[in-house]
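Enquirer: need a structure here:
(one chain, ligands or ions: 1)
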Amino acid sequence: MTPGWGAPRAGYQLALAIALADDVGFDEIWETLVADGGETDLLMALGAQARLMARTAATGTGTPFEVPGEAWERIACADVRDFAQAAYTGGSARIPVNPCPNCLRMAAEMLAELQLAAMDAAGLPREWLAELIARTRARTPDRPHTTPPDAGRPSQPPAHSDH
Ligand SMILES: [Zn+2]
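Expert: Numbers count the residues shown, from 1 in each chain. Down below sits the predicted model:
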């Protein structure tokens, strides 16, 4: 894979896919990652993102964010679990050698969910993910997100603007 490849962006995309319950979208992003061999980079990016959100929750709202104790247990293989946990805590762990694909995926899911939970704790709206994705997108030809055309409202100015 090429350096500068968008692991952080993929991390936000996975989190957004989970937030939207978009299983197909999640699969697509994941399969692309696997094809590129970018799983461990993604886990590191996701861990850092979740950590940042958790810190935002703690400093911004004074709500300490705690990872549910059993959350890590969802990752069955110890090497992947240790790696994912270190990605979140900012500690160091060995990059798993020949990690089991199921656990890599579970770790990505778990860290993305952690990121969402920490976002909630920080009081950040889910829409913010789209914002982050747009920001991490390397030079893009498509437009920045625009407000959808206002279908419900008539376009003429209000009849009485005096009050
Ligand atoms: Zn496993």
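Enquirer: got the residues of the chain near the ion?
Expert: Selection of the chain residues close to the ion by C-beta under 5 Å from the ion yields Ala76, Cys77, Cys100, Cys103. Quick note: C-beta positions are derived from backbone N, CA and C, even for glycine.
Enquirer: hmm, 8 Å instead?
Expert: Ile75, Ala76, Cys77, Val80, Pro99, Cys100, Pro101, Asn102, Cys103, Met106 (C-beta under 8 Å from the ion).
Enquirer: what's the burial count for Asn102?
Expert: 12 (other C-beta atoms under 10 Å).
Enquirer: tell me who's in contact with Thr61.
Expert: Residues in contact with Thr61 (C-beta atoms under 8 Å, 6 or more residues apart in numbering) are Ala121, Ala122, Gly123.
Enquirer: got a pLDDT number for it?
Expert: pLDDT, the model's per-residue confidence, is 78 for Thr61.
Enquirer: with Gly69 instead?
Expert: For Gly69, the model assigns a pLDDT of 79.
Enquirer: just Met53 next, same as before
Expert: What the model reports as pLDDT for Met53 is 94.
Enquirer: let's verify it: helix, strand, or coil?
Expert: Look at Met53: counting by DSSP: H, G, I helix; E, B strand; the rest coil, its state is helix.
Enquirer: quick check: it vs Pro96, distance?
Expert: Distance, Met53 to Pro96, using C-beta to C-beta, to the nearest Å: 24 Å.
Enquirer: tell me which of these two has more neighbours.
Expert: The residue with more neighbours, out of Met53 and Pro96 and counting by other C-beta under 10 Å, is Met53; that gives 24 against 21.
Enquirer: could you tell me how many residues sit around Ala71?
Expert: Ala71 sits with 17 neighbouring residues when counted by other C-beta under 10 Å.
Enquirer: and it, how far from the ion?
Expert: As defined by C-beta to the ion, to the nearest Å, Ala71 lies at a distance of 16 Å from the ion.
Enquirer: now do Phe65 against Pro8, distance only.
Expert: For Phe65, the distance to Pro8 - C-beta to C-beta - is 20 Å.
Enquirer: actually Leu14, sorry about that
Expert: 11 Å.
Enquirer: residues that sit against both of these two, list them.
Expert: Both Leu14 and Pro8 lack any common contact, where contact means C-beta under 8 Å, 6+ apart.
Enquirer: okay, the two: which has more neighbours?
Expert: Ranked by neighbour count (other C-beta under 10 Å), Leu14 and Pro8 place Leu14 first, with 27 against 19.
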